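A.B. asks: Quick one, what's the 3D model for this:
(chains A and B)
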Amino acid sequence: VSPLGSVRVTVTVAVTPADAFDVFTTEIDRWYRRGLGLLTSNDPATTLRFEHGVGGRLLEVGASPAADGDRRVDEAPVVRGTVTVWEPAARLVFLDRRGTEVDVRFEAVAAGTKVVVEHRGLDRLRPDQAASAAKYGWRRLAEWFERHMEERAT
Amino acid sequence: MINAIVNQIDETFAALADPTRRQVVELLQREPLRASDIADRSGTSRAAMSRHLGVLRRAGLVRVETPDDDARARIYRLDPAHLVALRAWLDQVQAYWSDQLDSFRDHAERTRARPAG
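C.D. replies: Residues are numbered from 1 along each chain as shown, chains lettered A, B, ... in the order given. Okay, the predicted model is just below:
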């Protein structure tokens, strides 16, 4: 694994590893912040879900309001990732649509669960992907990042 | 400013899109090297390596110098300033995940918090 293109982020959560894994996967739509691009579209009006188990897919389902109010019309889901490791309460690995790899570990600690996300292969985009910042959501991410740093500075 | 960053990231990634060139950058992270040493250590022919070094040089990722004691030698050195774009991109991805994991923690603790003790 190239150290050039990976990032690692850790958070400690006051729940059990089994709950942390369950929330991360089954409830991804409830916590995953939309509109930042990267793994999903920038459209906040979609739903996300993991199919359980190795070979399962991370699906983004577009939902647009139907004419009659609350009911929504489901469109064909878009595959955003494919699960390569599925170990409940321990580890989740999935490949995104461009072949970068997200490795999530759930480790029991006194305070609950340490969740470690390692996103690898960020330097391995094909030239056509690298040549299109918009495709990878870089532009939006850059704008968001700038705001994020400004907010942090104030 | 954003356009400049995005363009530079594009250029850096295009240069790094090749596994041999990534390997060269990793070798040069440890020490400056002659072109021939880089070719030998990466198991690449000198002609092919010369082309890869040209791409890296044009992208500004490496600099080439001639040592005082040997006018024919070419020493390649990483130009860390130009890895800044890559670093900036990785910093963005890192901040992105920090944000996502904060949101994950808030949701998990709101819905699944363990009873005290």
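
A.B. asks: could you pull out the strands for chain A?
C.D. replies: A:7-13, A:46-50, A:57-65, A:72-74, A:78-87, A:91-96, A:101-109, A:112-120 (DSSP state E).

A.B. asks: can you state the direction angle for the longest one and strand A:101-109?
C.D. replies: It refers to strand A:78-87. Put simply, strand A:78-87 runs at 40 degrees to strand A:101-109, going by axes from the mean of the first three to the mean of the last three Cα atoms, to 10 degrees.

A.B. asks: Pick out the shakiest of the strands of chain A, pLDDT-wise.
C.D. replies: Mean pLDDT across those is lowest at strand A:72-74; the value there is a mean of 54.

A.B. asks: For chain A, what's its nearest residue on chain B.
C.D. replies: Among the residues of chain B, residue B:13 lies nearest to chain A; the distance is 3.3 Å by Cβ to the nearest Cβ. (Each C-beta comes from the backbone N, C-alpha and C, glycine too.)

A.B. asks: So what's the residue count around that residue?
C.D. replies: Number of residues near residue B:13 (other Cβ atoms under 10 Å in any protein chain shown) recorded here: 26.

A.B. asks: any idea of the mean pLDDT in whichever strand or helix holds it?
C.D. replies: Secondary structure here is read from DSSP states H and E; on that basis residue B:13 sits in helix B:2-16. Rounded to a whole number, the mean pLDDT of helix B:2-16 is 68.

A.B. asks: Now residue B:58: closest residue in space, sequence neighbours ignored.
C.D. replies: Spatial nearest neighbour of residue B:58, chain neighbours left out: residue B:15 (7.8 Å); criterion: Cβ to Cβ, 6 or more residues apart in numbering or on different chains.
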